[in-house]
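Student: predicted coordinates and the sequence they were generated for:
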Amino acid sequence: MPWSRLSPPPSERRIALPTECLQSLKEHRERQDKERETAGSDWNGSGLVFTTPTGRPPDPANLTRRFRSFPNRVGLRRIRFHDLRHSTATLLLEQGVDLVVIKELFGHAHIGITAGAYAHVRLRLQRQAIDTLGDALGLTDDDPNGVVR
């Protein structure tokens with residue numbers, strides 16, 4: 001299997017998904033059921049959600065190639081597929097989702113992995129928190145000494 005050369009096989013875990021994703025996955029399952037019928041005895045039931053038309057695990061290199069074409073088509077700068085994880089974690093942090101929850105969503109073994117990867121976001125959020133505290137205490141933004149009004 002393609003992942004065996006690069007990393008251990010993916011683990012199974014349950015995660016919550018937005019309603020839109022659930023609908024897309026239901027439609028994907030219907031398409032995959034048709035692929036299973038078409039493949040007949042050539043179907044390799046790997047149990048994965050995303051497979052080739054014969055049920056085998058997709059080649060990571062093919063996924064990467066296909067993903068690279070998407071940003072170009074819609075006029076965005078080129079990003080790596082893995083950057084989507086970083087964007088997701090950043091958005092979740094900026095919306096106030098606790099780092100422990102993000103750790104669980106991402107399947108990180110230790111919170112240090114999550115915290116280390118997104119420390120730049122945490123610093124920005126800390127700055128916002130201190131600014132909010134300053135506002136609550138009546139400190140002016142102009143005064144670097146933090147003199148109370």
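Tutor: Thanks, I have it.

Student: mind listing what's buried along the lengthiest helix in the chain?
Tutor: For the chain, the longest helix by residue count, based on DSSP state H, is helix 19-39. Judged by neighbour count (16 or more other CB atoms under 10 Å), helix 19-39 contains these buried residues: 32, 36. C-beta coordinates here come from the backbone N, C-alpha and C atoms, glycine included.

Student: tell me the helix or strand right after it.
Tutor: Using DSSP states H and E, the next helix or strand after helix 19-39 towards the C-terminus is helix 60-74.

Student: helix 60-74 and the helix or strand following that following helix, what's the angle between them?
Tutor: Scanning forward in sequence from helix 60-74 by DSSP H and E, the next helix or strand is helix 83-94. Per axes from the mean of the first three to the mean of the last three CA atoms, to 10 degrees, the angle that helix 83-94 makes with helix 60-74 is 70 degrees.

Student: coming back round to it: got a list of contacts for the longest helix of the chain?
Tutor: Helix 19-39 is contacted from outside by 17, 43, 49-51, 53-55, using CB atoms under 8 Å, 6 or more residues apart in numbering.

Student: go with 6 Å
Tutor: Here helix 19-39 makes contact (CB atoms under 6 Å, 6 or more residues apart in numbering) with 43, 53-54.

Student: please save the CA atoms from that helix in CSV.
Tutor: Extracted as CSV, the C-alpha positions of helix 19-39 are listed here (Å, rounded to 0.1, in the frame of the first residue of the first chain):
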residue,chain,number,x,y,z
THR,A,19,-23.3,19.6,8.0
GLU,A,20,-22.0,20.6,4.5
CYS,A,21,-19.3,18.0,4.8
LEU,A,22,-21.7,15.3,5.8
GLN,A,23,-23.8,16.0,2.7
SER,A,24,-20.7,15.9,0.5
LEU,A,25,-19.6,12.6,2.0
LYS,A,26,-23.1,11.1,1.4
GLU,A,27,-22.9,12.1,-2.2
HIS,A,28,-19.3,10.7,-2.4
ARG,A,29,-20.5,7.4,-0.9
GLU,A,30,-23.2,7.1,-3.6
ARG,A,31,-20.5,7.7,-6.3
GLN,A,32,-18.3,5.1,-4.7
ASP,A,33,-21.1,2.6,-4.5
LYS,A,34,-21.4,2.9,-8.3
GLU,A,35,-17.7,2.5,-8.7
ARG,A,36,-17.9,-0.6,-6.6
GLU,A,37,-20.6,-2.0,-8.8
THR,A,38,-18.6,-1.2,-12.0
ALA,A,39,-15.4,-2.7,-10.6
